[in-house]
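A.B. asks: coords please:
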Amino acid sequence: MHKAKHHTLIAGGIGITPLLSMARHLEATGGSYKLYYCASNPMRTAFRNVLAAPPFNRRTTMHFNFGDPHGRLDVASLLRRQMEGQHVYCCGPSSLIEAVRVATQAWCAGTVHFERFKVDPKSATDPALNSSFEIEIASTGQVLIAPADKSILQVLRENGISHTSSCEEGICGTCATGLLSGRAEHRDSVLTEEEKTAHTVLMVCCSRAATKRLKLDL
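C.D. replies: Alright, predicted model coming up:
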């Protein structure tokens, strides 16, 4: 971590993990910081109880967009001016990282730092590693085909089924969808091992099927 007069920590989804470690270090060393944590909703906020309690609560702002892209943190306003000696650290989905990058283009060199989480290298759009499968919509009985080169989310949209999403990389949890039958091949970084084993929810932006058909709670 770089020496600075003030540290602005901006996390999205599981990006809170390394930034919480930074916050703990700054608390222990008396460093000045402010933590902004963006998540889809309170129920999918990692370390929520930790951040809502002392000593972190006095320096932490949690921001929830509830799946609405227009409700994202106003990064441009937050980073409009750089304080003397201020450094920014950002970790989260690519949309958040890009917003911070654009907002800090005029900042002093070496004062803005990024850490990226990457999804499973078995990309949901790599036809060499994927197979087609069926998607059943529970509310209508409609059966759609997810080809090897398209995600579930893409297929839903192409068939007029709107679905909230944010990162579309499997790291924010916004597109979590109930799974009524079938087994998913989980490729996200949101669900716990227990949730993945239960096969009751999946991230439609990146997950695929381990069975011939997935019945979605849509």
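A.B. asks: end to end on stretch 137-156, go ahead and measure it.
C.D. replies: Using C-alpha to C-alpha, to the nearest Å, the end-to-end distance of stretch 137-156 comes to 10 Å.
A.B. asks: could you pull out the buried residues of it?
C.D. replies: Buried residues in stretch 137-156, counted by 16 or more other C-beta atoms under 10 Å: 137, 144, 146, 150-156. Placement of C-beta: from N, CA and C, glycine included.
A.B. asks: C-alpha coordinates for the top helix by length along the chain, CSV please?
C.D. replies: Longest helix of the chain, by residue count under DSSP state H: helix 16-29. C-alpha atoms of helix 16-29 as CSV (Å, rounded to 0.1, in the frame of the first residue of the first chain):
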residue,chain,number,x,y,z
ILE,A,16,-14.4,-5.7,-0.9
THR,A,17,-12.1,-8.5,0.1
PRO,A,18,-8.7,-6.8,-0.6
LEU,A,19,-10.0,-3.4,0.3
LEU,A,20,-11.3,-4.5,3.7
SER,A,21,-7.7,-5.8,4.4
MET,A,22,-6.5,-2.3,3.5
ALA,A,23,-9.0,-0.7,5.8
ARG,A,24,-7.9,-2.9,8.6
HIS,A,25,-4.3,-1.9,8.0
LEU,A,26,-5.2,1.7,8.0
GLU,A,27,-7.2,1.4,11.2
ALA,A,28,-4.2,-0.3,12.8
THR,A,29,-1.8,2.3,11.7
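A.B. asks: what comes up buried for that helix?
C.D. replies: 16, 19-20, 22-23, 26.
A.B. asks: does residue 153 lie in a helix or a strand, and which?
C.D. replies: helix 152-158 (DSSP states H and E).
A.B. asks: and stretch 74-88, how far out from the chain middle?
C.D. replies: Centre-to-centre, stretch 74-88 and its host chain are 22 Å apart (C-alpha atoms, centre = their mean, to the nearest Å).
A.B. asks: other SSEs contacting the longest helix of the chain?
C.D. replies: strand 6-12, strand 33-39, strand 86-92 (3 or more C-beta pairs under 8 Å, 6 or more residues apart in numbering; DSSP states H and E).
A.B. asks: who touches the helix or strand that the second one is followed by?
C.D. replies: Using DSSP H and E, the helix or strand that directly follows strand 33-39 along the chain is helix 48-51. Applying C-beta atoms under 8 Å, 6 or more residues apart in numbering, the external contacts of helix 48-51 come out as 20, 35, 37, 42, 45, 56-57, 60, 62.
A.B. asks: among these, who's most crowded?
C.D. replies: residue 37 (27 neighbours; other C-beta atoms under 10 Å).
A.B. asks: so which of the helices and strands packed on helix 16-29 gets nearest residue 163?
C.D. replies: strand 33-39 (18.1 Å; C-beta to C-beta).
A.B. asks: relative orientation of that closest one and helix 16-29 in degrees?
C.D. replies: Here the directions of strand 33-39 and helix 16-29 differ by 160 degrees (axes from the mean of the first three to the mean of the last three C-alpha atoms, to 10 degrees).
A.B. asks: just the angle between strand 33-39 and strand 86-92, please?
C.D. replies: Going by the same axes, to 10 degrees, strand 33-39 makes 20 degrees with strand 86-92.
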